[in-house]
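> My questions concern the predicted model and sequence given below.
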Amino acid sequence: MKHTDLTKEILALLGGKENIKSVTHCVTRLRLTLYNNALVNREKLEQTDGVMGTNIGGGQFQVILGNKVSDVHDEMVKLLNHNEQNSHEMNNGEKRKILDQVLDTISSIFTPVIPAIIGAGLLKGILVFLTSVNLVSNESDIYQLLSIFSDSAFYFLPILLAFSAAKKFNCNQYIAGTLAGILLHPNLVAIMDKGTYMSIFDIPIKPATYASSVIPIILGVWFMSYIEKGLIKVIPRVLKSVLVPLLTVLIVAPVVLIALGPLGTIIGNWLGAGFIYLYSEFGILAGFLLGGLYPLIIVTGMHYGLLPVMFQSLSKYGIDYIMAIGVTANAGQAGATLAVYLKTKNKDFKAVAGTAALNALIGVTEPAVFGVTLKLKRPLIAAAVGGAVGGGIMGAFKVGATGIGTGPLAGIPLFFGSTFIYWVIGCVVSFIIGLILTLTIGFKDIPNKKDNYNGAETSNNSLSKNEVASTKESSLETMTDSQNIFSPITGKVVRLTEVNDPTFSKEIMGKGIAIEPEVGRAVSPVNGVVTTLFKTKHAIGIVGDDGVEVLIHIGIDTVNLDGKYFSAHIEQGDRVEIGDVLVDFNIEKIKEAGYQTVTPIIITNTSSYTNIEGLETETVKEKELLLKIIN
């Protein structure tokens, strides 16, 4: 599948453009902040060719794509046409948890900077190797140049973080970069190095070193975002381009130098020193716990909470211990996934597991975690045990990395040094434990498509003939059940394939039917709860009491009306009965604005049912039978 086609299909299954708030990516994952996760057809998305899996973590919906993620991301940004940030707000009644907000913020700020740190860290490791084997002298020009190359990303880290933080906090990136430049200005650095106190309006500025720092610039840009937005509101339009940047710098820079900078320095030093103390005093225990929990930390997105500690440790001490534990946990994933490849009877899944195992060995573990071990459960446990033992070895010998990257194989240069042999031992042990333990405890295999039962144990405990027969009988009984969906609108019945929008006509979001309305209102087609209500009021999602998920999408591209000509009678979370009025809308005004009013009624969890039968008639009235769902 071409990247453009794949991107369009992913976008449709994510609930369309109007459900995307922001999009970014890392090495293998498309990372999206959605207005409402309930609009995602997750099951169908995971079955899409090219998609290795999905995950929700750190307040983000993640689509695992492997090495095609960058191309898909770029295509999606073009399709969204909003510079990676959708300004449309959605009233979904869902308040994100504080922890999710924090993790999302950390991820958005640090993830774009990681490639620069990977390159610099690997170069540092290579330089260590070259000098250790006497291939390069510490006094040579090549050594001096390579040192500059590898140090620059760390020294100017505040500038890199300023740009990504400004993007996250939605303020001017270049003013944020200027703010970081102030902190790193040679004259200011020289004064700070002398320990001389300066003052602004008789308020003293505490000497501090901001080169390679992390927290001060993030606090500064966060504060700047509020100042800049406030100035934009009060300054006349004709003076904005001149006064906003001038006043922003004049207000923010002193506050950063007087308060936020020193505070950020204290917090940063505490983070770095605190973890190094734990690692130094309780190395084995710290490595064992972190290595064992690392797969779960990744799944939940909590690993982003470690990034500030890792960055601070590298910038302050030139070494990071968390990276070593993470890489050995990757080795455990590689071993467990290889065991799945060797043992599964499903040819399609074997191909997935084989590729995932190779990627994990190189250092990209998302396909292994989300596509294999998490899905099968027991291999995830085996990988965690391997990571715990390997992490304990890392902790015992204080193995550290010269940068942030990935591994095992791709991260080898990060670990060149006196503890390199212990790093190798830890990775090998973790890999072997993950492999052997998975082969020993087995797993519930993924069935071939032709199989009629839900999978068999890959150990000797297979289903008996009686159990298989019982399962088939149960399936036949279930298929006789059906559910009724009643019409939410009065009007002309239109086949879904005739709707002028591929998202609906190709049934990407699910099966259903459409209605060309004659009356401008929509009522509830089921007894249930309103789970989704766009701020634009053009789309309503309801989950019925029997579990059916119904989406009523009034018009095509009517999201662009931003709620004009629509009036909602319900809110998200409201309970509704069949016939309760959901939304009123002005048919004529919508058409005059240039939009079609044809309304698709979609069963978004189509894959949960055997069949969906539409009404064979030309017209229908609200509350009349519209769809019959066969379980």
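That came in fine, so what should we check first? Since the model is a prediction, treat every value here as computed from it, not as a measurement. Numbers count the residues shown, from 1 in each chain.

> mind showing which ranges of the stretch 151-300 of the chain have poor pLDDT?
Scanning the stretch 151-300 of the chain for pLDDT under 70 picks out 272, 300.

> swap that for the chain, sorry
For the chain, the stretches with pLDDT under 70 are 1-2, 26-28, 57-59, 66-67, 81-100, 272, 300-305, 448-482.

> So what does the residue in the chain sticking out farthest from the centre have for phi and psi?
No residue in the chain has its C-alpha farther from the mean C-alpha position than Asp202, which lies at 46.3 Å (CA atoms, centre = their mean). Comment: the main-chain dihedrals of Asp202 come out as phi 70, psi 10, following degrees, to the nearest 10.

> mind listing what it touches?
Contacts were defined as CB atoms under 8 Å, 6 or more residues apart in numbering; by that measure Asp202 touches no other residue. No exception for glycine: its C-beta is placed from N, CA and C like everyone else's.

> Which stretches in the stretch 201-350 of the chain count as helices?
Residue ranges of the helices in the stretch 201-350 of the chain, as given by DSSP state H, counting those that start in this stretch, are 215-234, 237-255, 261-281, 283-300, 307-317, 322-343, 347-362.

> Just the buried residues of the last one, please?
I take that to be helix 347-362. Along helix 347-362, these residues count as buried under the neighbour rule (16 or more other CB atoms under 10 Å): 349-350, 352-362.

> between those residues, which is closest to Leu14?
Minimum distance to Leu14 across those is 21.9 Å, recorded for Val352 (CB to CB).

> and the closest residue to Gly318 other than its chain neighbours, what does it touch?
For Gly318, ignoring the flanking residues on the chain, the nearest one in space by CB to CB, 6 or more residues apart in numbering is Thr402 at 7.1 Å. With contacts defined as CB under 8 Å, 6+ apart, Thr402 is in contact with 121, 124-125, 128, 314, 318-320, 413-417.

> Buried ones among those?
121, 124-125, 128, 314, 319-320, 413-417.

> coming back round to it: what's the distance between the residue nearest to Gly318 and Thr373?
The spacing between Thr402 and Thr373, counted by CB to CB, to the nearest Å, is 29 Å.

> What of Pro488?
Spatial separation of Pro488 from Thr373 under the definition CB to CB is 43 Å.

> ok, now Gly541?
The span separating Gly541 from Thr373 equals 32 Å under the rule CB to CB.

> Domain ranges for this structure, per the record?
Per the record, the chain has its domains at 3-96, 156-268, 282-441, 482-630, by automatic domain parsing.

> Contacts only, for the closest residue to Cys427 other than its chain neighbours.
Excluding the flanking residues, the one nearest Cys427 by CB to CB, 6+ apart is Ala331, at 4.2 Å. Residues counted as contacts of Ala331 (CB under 8 Å, 6+ apart) are 360-361, 386-387, 390, 408, 426-428, 430-431, 434.

> now, which of those residues sits nearest Phe534?
The closest of the contacts of Ala331, once distances to Phe534 are taken by CB to CB, is Ala360, at 39.5 Å.

> how much space between that closest one and Ala331?
Distance of Ala360 to Ala331, computed by CB to CB: 8 Å.

> Ok, Val252 next?
45 Å.

> wait, isn't Ala116 in contact with Leu160?
Yes: in this structure, Ala116 sits in contact with Leu160. The criterion is CB atoms under 8 Å, and the distance is 6.0 Å.

> With neighbour numbers in mind, choose between those two.
For Ala116 against Leu160, the residue with the higher neighbour count under other CB atoms under 10 Å is Leu160, and the figures read 21 against 17.

> Which residue is the nearest non-sequential neighbour of the more buried one?
Val113 (4.7 Å).

> Cys627 pairs with what?
Actually, residue 627 is Leu rather than Cys. According to DSSP bridges, the residues that bridge with Leu627 are Ile485, Gly614.

> Contacts only, for it.
Contact partners of Leu627, counting by CB under 8 Å, 6+ apart, are 484-485, 512-513, 601, 603, 612-615.

> Now, of these, which are buried?
The buried subset of those (16+ other CB under 10 Å) comprises 485, 512-513, 601, 603, 612, 614-615.

> Which single one of the residues you listed is nearest to Val234?
Within the buried ones among the contacts of Leu627, distances to Val234 taken as CB to CB reach their minimum at Ile601, with 47.1 Å.

> of all the contacts of Leu627, which comes closest to Tyr422?
Looking at the contacts of Leu627 and their distance to Tyr422, the nearest is Ile603, at 56.0 Å (CB to CB).

> residues contacting the closest one?
485, 510-512, 548-551, 609, 612, 627, 629.

> what's the distance between the closest residue to it other than its chain neighbours and Asn631?
Ranked by CB to CB, 6+ apart and with sequence neighbours excluded, the top spatial neighbour of Ile603 is Gly510, at 5.0 Å. Applying CB to CB, one obtains 15 Å for the distance of Gly510 from Asn631.

> Which one's more surrounded, the two?
Between Gly510 and Asn631, Gly510 has the larger neighbour count (other CB under 10 Å), namely 23 against 17.

> buried residues in stretch 399-418?
399-417.

> how about the CA coordinates for it, as CSV?
Extracted C-alpha coordinates of stretch 399-418, given in CSV (Å, rounded to 0.1, in the frame of the first residue of the first chain):
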residue,chain,number,x,y,z
VAL,A,399,27.1,0.4,33.2
GLY,A,400,26.3,3.7,31.6
ALA,A,401,25.8,5.2,28.1
THR,A,402,27.3,8.3,26.5
GLY,A,403,24.1,9.4,25.0
ILE,A,404,20.4,8.5,24.3
GLY,A,405,19.8,6.1,21.5
THR,A,406,18.5,2.6,21.1
GLY,A,407,20.0,-0.9,21.0
PRO,A,408,21.3,-3.5,21.5
LEU,A,409,23.0,-3.5,18.1
ALA,A,410,22.3,0.1,17.1
GLY,A,411,23.5,1.4,20.5
ILE,A,412,26.9,-0.4,20.7
PRO,A,413,29.0,2.8,20.3
LEU,A,414,27.1,4.3,23.3
PHE,A,415,28.7,1.8,25.6
PHE,A,416,32.3,1.7,24.5
GLY,A,417,34.4,2.1,27.7
SER,A,418,35.6,0.2,30.7
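
> Looking at Gly541 and Thr373, which is more packed in?
Here Gly541 and Thr373 are set side by side on neighbour count (other CB under 10 Å), and the busier one is Thr373, at 31 against 24.
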